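Novice: Got a sequence here, can you model it:
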Amino acid sequence: MISRYIEKFIRYLEIEKNYSGHTILNYRLDLEGFKDFLKDAPIEGVDYLCLRRYLARLKEENLASRSIARKLSALRSFFKFLTREGFLKVNPALSLYSPKIDKHLPQFLTEDEVGRLIEAPTSKDERSLRDKAILETFYSTGIRISELVGLNTQDIDFIGGVIKVMGKGKKERLVPIGEHAITAIRDYLDKRKNKSEILFLNKNGNRITDRGVRDVVKKYIRLTSIKQGVSAHTLRHSFATHLLNRGADLRSVQELLGHANLSTTQIYTHLTTERLKSVYDKAHPRA
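Specialist: Numbers count the residues shown, from 1 in each chain. Here you go, the predicted structure:
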């Protein structure tokens, strides 16, 4: 049965690849979906045509190209593992290509909009000070939501101005953090009664969740009436875009964002190019 092969593969991702729980859950869901498609057919009977039929089924379900590409990527990794470990003689996914994904430029805020958002929490109670510290830290460091949620107080070097972040694949990296964010974190910790080692707490005194952080950002987006469609991740996009606009080189921004490949960071050059074209069109007399 395919189920036991899926479990072997999941253990491999956990132990040898050291993938995060979130990534492993996505792999499991994608492979369970393929198992449902196979019904009771043996894994040894899967060939290229079978995978093409599965691809056709996904397209019939009107899934987005990005979702289909992720599911096919999971299958390629799965069959590569099975072939390497000797469970299959031939890899049926070798010639399987993902659909072309349209590159959507990530949305970002202007520097003025970010300023309004960060200054929105004006009260001096513990909750407002926490929210301000979250917003300041997000924009100051450009870290992911999961990375922010995972921060502990000992991860902050208040004197050196850096934080230790646990990124994708459980890889640690050091990220600079600005004085405004350091001050906001200090103000929050000084006000906080709970002396937990966790940096950002929810109302129950537990570690704030990804959902909780998103709710914080949504709250102040509404309060400041900033454009629709803005999310917590928008602050990460804004961080990268503003750095490039002010002359930072792409390789440095890649390091700061924790991207494994430079190509992932290069999408932000499209944003800066669009800005330059806009400036040109407005400023050049014969544009």
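Novice: switch to C-alpha atoms for all contacts and neighbour counts from now on
Specialist: Noted.
Novice: low-scoring stretches of the stretch 101-250 of the chain, by residue?
Specialist: Residues of the stretch 101-250 of the chain meeting the criterion pLDDT under 70: 101-106, 228.
Novice: Please, where are all the helices along it?
Specialist: Under the criterion DSSP state H, counting those that start in this stretch, the stretch 101-250 of the chain contains helices at 111-118, 126-141, 145-149, 179-191, 210-224, 232-245, 250-257.
Novice: Mind checking these for the one nearest to Ile2?
Specialist: helix 145-149 (31.5 Å; C-alpha to C-alpha).
Novice: what does the closest one rub up against?
Specialist: Under the contact criterion C-alpha atoms under 8 Å, 6 or more residues apart in numbering, helix 145-149 has outside partners Phe138, Val165, Met166, Gly167, Phe200, Arg207, Ile208, Thr209, Asp210, Val213, Ala232, His233.
Novice: Identify the farthest-apart pair in those.
Specialist: Greatest spatial distance in the contacts of helix 145-149: Arg207 and His233, 19.2 Å, computed using C-alpha to C-alpha.
Novice: so what are the domain limits for this protein?
Specialist: Here the domain assignment for the chain is 2-84, 111-282, based on automatic domain parsing.
Novice: what's the most buried one of those domains?
Specialist: Burial of the domains of the chain is given as mean neighbour count (mean count of other C-alpha atoms under 10 Å); domain 111-282 ranks first at a mean of 17.
Novice: all strands for the chain, in order.
Specialist: 156-157, 162-166, 172-176 (DSSP state E).
Novice: Quick check: neighbours of the second one in the sheet, parallel or antiparallel?
Specialist: Pointing back at strand 162-166 there. If you go by DSSP bridges, strand 162-166 pairs up with strand 156-157 (antiparallel), strand 172-176 (antiparallel).
Novice: and the longest one, C-alpha only, in CSV?
Specialist: Okay, so that is strand 172-176. In CSV, the C-alpha atoms belonging to strand 172-176 read as follows (Å, rounded to 0.1, in the frame of the first residue of the first chain):
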residue,chain,number,x,y,z
GLU,A,172,19.7,29.7,12.1
ARG,A,173,20.8,33.1,10.8
LEU,A,174,21.6,36.5,12.4
VAL,A,175,19.6,39.5,11.2
PRO,A,176,20.2,43.2,12.0
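Novice: picking that back up, could I get the contacts of helix 145-149 as JSON lines with distance to Lys17?
Specialist: Formatted as JSON lines, the contacts of helix 145-149 follow (distance: C-alpha to C-alpha, whole Å):
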{"residue": "Phe138", "distance to Lys17": "28"}
{"residue": "Val165", "distance to Lys17": "19"}
{"residue": "Met166", "distance to Lys17": "15"}
{"residue": "Gly167", "distance to Lys17": "14"}
{"residue": "Phe200", "distance to Lys17": "29"}
{"residue": "Arg207", "distance to Lys17": "26"}
{"residue": "Ile208", "distance to Lys17": "27"}
{"residue": "Thr209", "distance to Lys17": "25"}
{"residue": "Asp210", "distance to Lys17": "23"}
{"residue": "Val213", "distance to Lys17": "28"}
{"residue": "Ala232", "distance to Lys17": "28"}
{"residue": "His233", "distance to Lys17": "26"}
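Novice: ok, the residues you listed vs Lys89, which is closest?
Specialist: Gly167 (35.5 Å).
Novice: Isn't Arg116 up against Thr224?
Specialist: Yes. Using C-alpha atoms under 8 Å, Arg116 is in contact with Thr224, at 6.9 Å.
Novice: Which one, of the domains of the chain, ends up nearest to Val90?
Specialist: It's domain 2-84; of these, that one is closest to Val90 (C-alpha to C-alpha) at 6.4 Å.
Novice: Which residues are in contact with the residue nearest to Ile163 when sequence neighbours are not counted?
Specialist: Distances taken as C-alpha to C-alpha, 6 or more residues apart in numbering put Ile156 closest to Ile163, at 4.6 Å, once the chain neighbours are dropped. Contact partners of Ile156, counting by C-alpha under 8 Å, 6+ apart, are Val162, Ile163, Lys164.
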